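Asks: sequence isn't available, so here's the structure alone:
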């Protein structure tokens, strides 16, 4: 049985089970007051220290799988390789802190390209207050970048597992803009310059929602995750983690006017299934939702509700009232 | 200019310079009492929290560069991919705590091999008290494994930069056993079974020196690093970091009798230039050295002294009194 047959998510579930069920070593952190709070399976791991909660995440980009050089110049690659990690910390409601960067690079890599890569990393690091404190460079036949990042939260982080039936579902801003930007870059879709600039910038320079995550967590929201693989997929994962279902309304999904203009037939598909938006998806009871939404940036919206039902199922209600089920699962790079 | 022309270490120096000199973002950790203590360039990064020092390191193995399947079965690969990280924490004098594991795997990878990999990871994790709390699995044309690991130290970690002229140089146990094991596996060198077992076990299941690192740090040793690229290379790096030179005596380098028996002509070369021993190299003043050595395991030895001189230069004094300079630099995988 190969990974591509069993499927990415089944393999990951197997490994999660292994590392938690078979863990039996000494707990060195205990004598310093460390206590594990969030184990495998959320946006980041988390543990209490004596006086704060620490967060820990990692994310990797492989050439030809997660990016190619046509649509992602080196500087943008540097930005994006940190953005996905910062977004994981944002989803927990934390501040990012310290990063380690591993570069897998072929010997023929131009040193100027490595400098451009780091220029992008420094731009986002300095914007978000990340200190790159170390890393590793290894020879590899394919370009890959792995970042691991710590974060800090004063108290309890938001989780994927905390949704309750009856919760309303919110997003922190427009979705689909990054996916639209990627399609524009891949297909050379004609578009007016304002639209082209907005879309390609959305794809190339996503801004993780750390401020929004801090706000949500401070105000009392307990359930969140980031949208990296597409709204429908990620909502399905959140529902799966919470053992519940969701119903969302197509005409409430926030899509930027320039996306609608540029892709009049496909904007909903881009909004539901385009990835790398790095907005936050969150759930809260009605009273809390109406308190928090006005404080969030343009585009933020209430899009549906959490329901009892088959774990992970997401139903999309069209503007004509017709219901369709979003495909469960997620973006399986192995299929 | 390509990486292979400029050289791995020049590129790494350039990147270290970039990430420290151009760092200008907000410091989110400050409000929680975090203060960066050890920046880029040591075995691990380190920062003070309110009540402890945290350590943070990462290390990667790429197929065809750092291992191949003939000499490294999957279970051993799992063990070794964590061992090199645990060794970095040992070199600082800390306890390992939480790990994230990133697997880069081709779609055709056999799921049973992934299980074997994790069996090896669980063996070393449970031995050393590491909790694997998350990770990532990505499609990749080449197998790679990146581990990032946190650690904790009650006080000030040991550093590469703290050596002083006149310090004596110690190692915590035998060196060259892993390199001898690799040569045995690659060349099918004939050897009696006891030797073959000791050597291949040394290569396939290195034991990071966490207990020794904790002991050294507790007793007051301030300078250490782990031997991952070979004694001569790593000592040169330690000297480089401290701006000093070293002189070591060939007949004091601790080499296991089975290594000498199996490689009667090459044991010194294996001891100086074989990698992956994961012993600790440390320096201390004479009084402290004589206090600590008797408390270390079999093989530990005083091998030379730190001297004033060209930064990074290592002189090896042969048993006949002849002096030779070890090649400076390190194991450049790009050349």
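Replies: In hand now; what should we look at? The model shown is predicted, which means the values in this text are computed figures rather than measured ones.
Asks: do a quick rundown of the strands in chain A.
Replies: Secondary structure of chain A (DSSP state E): strands at A:35-38, A:45-48, A:53-62, A:95-105, A:131-139, A:144-153, A:168-171, A:223-226, A:245-249, A:280-284, A:301-307, A:314-317, A:323-325.
Asks: tally of neighbours for the nearest residue to residue A:199 once chain neighbours are set aside?
Replies: What sits nearest to residue A:199 in space, not counting adjacent residues and going by CB to CB, 6 or more residues apart in numbering or on different chains, is residue A:181, at 3.9 Å. Yep, even glycine has a C-beta here, placed from its N, CA and C like the rest. By other CB atoms under 10 Å in any protein chain shown, 28 other residues sit near residue A:181.
Asks: for residue A:181, list the residues it contacts.
Replies: Counting by CB atoms under 8 Å, 6 or more residues apart in numbering or on different chains, residue A:181 touches A:199, A:200, A:201, A:202, A:203, A:204.
Asks: between the residues you listed, which is nearest residue A:105?
Replies: Minimum distance to residue A:105 across the contacts of residue A:181 is 20.9 Å, recorded for residue A:204 (CB to CB).
Asks: that closest one: what's it in contact with?
Replies: Contacts for residue A:204 were tallied using CB under 8 Å, 6+ apart; they are A:72, A:73, A:76, A:79, A:80, A:181.
Asks: hmm, try it at 10 Å
Replies: Contacts for residue A:204 (CB atoms under 10 Å, 6 or more residues apart in numbering or on different chains) come out as A:71-73, A:75-77, A:79-80, A:120, A:178, A:181-182, A:185, A:276.
Asks: which parts of chain A belong to which domain?
Replies: As assigned by automatic domain parsing, chain A contains the domains A:3-153, A:168-325.
Asks: against residue A:172, how distant is the residue in the stretch 151-300 of chain A positioned nearest to chain B?
Replies: Residue nearest to chain B within the stretch 151-300 of chain A: residue A:152 (5.4 Å; CB to the nearest CB). As for residue A:152, its distance to residue A:172 is 21 Å (criterion: CB to CB, to the nearest Å).
Asks: one more: residue A:116?
Replies: Distance of residue A:116 to residue A:172, computed by CB to CB: 30 Å.
Asks: same question for residue A:127.
Replies: Here residue A:127 is placed at a distance of 17 Å from residue A:172 (CB to CB).
Asks: which of the two has more neighbours?
Replies: Shown here are residue A:127 and residue A:172; by other CB under 10 Å, residue A:172 has more neighbours (29 against 19).
Asks: next, count neighbours for whichever residue of the stretch 201-335 of chain A sits closest to chain B.
Replies: Nearest residue of the stretch 201-335 of chain A to chain B: residue A:333, at 4.3 Å (CB to the nearest CB). Residue A:333 has 16 neighbouring residues, counting by other CB under 10 Å.
Asks: nearest residue to it other than its sequence neighbours?
Replies: Per CB to CB, 6+ apart, closest to residue A:333 is residue B:139, 4.3 Å.
Asks: try residue A:156
Replies: residue A:53 (6.9 Å).
Asks: my read: that neighbour touches residue A:158, true?
Replies: No - the criterion here is CB atoms under 10 Å, and residue A:53 misses it with residue A:158 at 11.2 Å.
Asks: shared neighbours of these two, anything?
Replies: In terms of CB under 10 Å, 6+ apart, residue A:53 and residue A:158 are both contacted by the residues A:92, A:93, A:94.
Asks: apart from its neighbours in sequence, what residue is nearest the first one?
Replies: Meaning residue A:92. Per CB to CB, 6+ apart, closest to residue A:92 is residue A:157, 3.8 Å.
Asks: list the contacts for the closest residue to residue A:182 other than its chain neighbours?
Replies: Distances taken as CB to CB, 6+ apart put residue A:203 closest to residue A:182, at 4.9 Å, once the chain neighbours are dropped. When contacts are counted by CB under 10 Å, 6+ apart, residue A:203 is found next to A:71-72, A:76, A:80, A:177-186, A:274-277.
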